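[1] Sequence and predicted structure below; questions after.
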Amino acid sequence: MQKMDNPEVTKAELTDFFEHHDFTPEELIITISLHMEEHSVDPSEEILADIVSQIEELEGAPRGAYSVLLHDNFIDKRRADGMKENTIKRTTPNKIIKE
């Protein structure tokens, strides 16, 4: 089941689906895209490491393969995206795996 197939699917329906269907964490990719609070400040490796650590220690998170992107404060309004050359990330092949 994909959310795109049924955009009205509820959180409870998704939770039930994932609890009752066998899949590996690598089959559910969850991307977390974050931005720095302050303007004109480059993304910080220290902040990214702290975020990654908190996700790794988080209990009760859905099974999946998590990627984390940390951008500066700029968001391209035409694309609703903050990806630039200074974006730092923890992603493939080193995603955070939650069992």
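    It's in.
[2] and the nearest residue to Asp42 once chain neighbours are set aside, what does it touch?
    Among residues not flanking Asp42 along the chain, Asn86 sits closest, at 5.2 Å (CB to CB, 6 or more residues apart in numbering). Every C-beta, even on glycine, is put in place using the N, C-alpha and C of the backbone. When contacts are counted by CB atoms under 8 Å, 6 or more residues apart in numbering, Asn86 is found next to Asp42, Pro43, His71, Asp72.
[3] count of neighbours near Ala80?
    Other residues near Ala80 come to 7 when the count uses other CB atoms under 10 Å.
[4] quick one, longest helix in the protein?
    Once the chain is assigned using DSSP state H, the helix that runs over the most residues is helix 45-57.
[5] Beyond that one, next helix or strand please.
    With elements assigned by DSSP states H and E, the helix or strand that comes after helix 45-57 is strand 64-71.
[6] Just the mean pLDDT for that next one, thanks.
    Per-residue pLDDT over strand 64-71 has a mean of 97.
[7] what's the following helix or strand after that strand?
    strand 88-90.
[8] still on that earlier bit, from the contacts of Asn86, list just the buried residues.
    In these, burial by neighbour count holds for Pro43, His71, Asp72, counting by 16 or more other CB atoms under 10 Å.
[9] Among these, which one lies nearest to Leu14?
    Top of the list for closeness to Leu14, among those and by CB to CB, is His71 at 26.9 Å.
[10] residue contacts, the nearest residue to the closest one once chain neighbours are set aside?
    Distances taken as CB to CB, 6+ apart place Gly82 nearest to His71, at 3.5 Å, with adjacent residues excluded. Contact analysis of Gly82 by CB under 8 Å, 6+ apart lists Ser33, His35, His71, Asp72, Phe74, Ile75, Asp76.
[11] I'm done for today, thanks for sticking with me.
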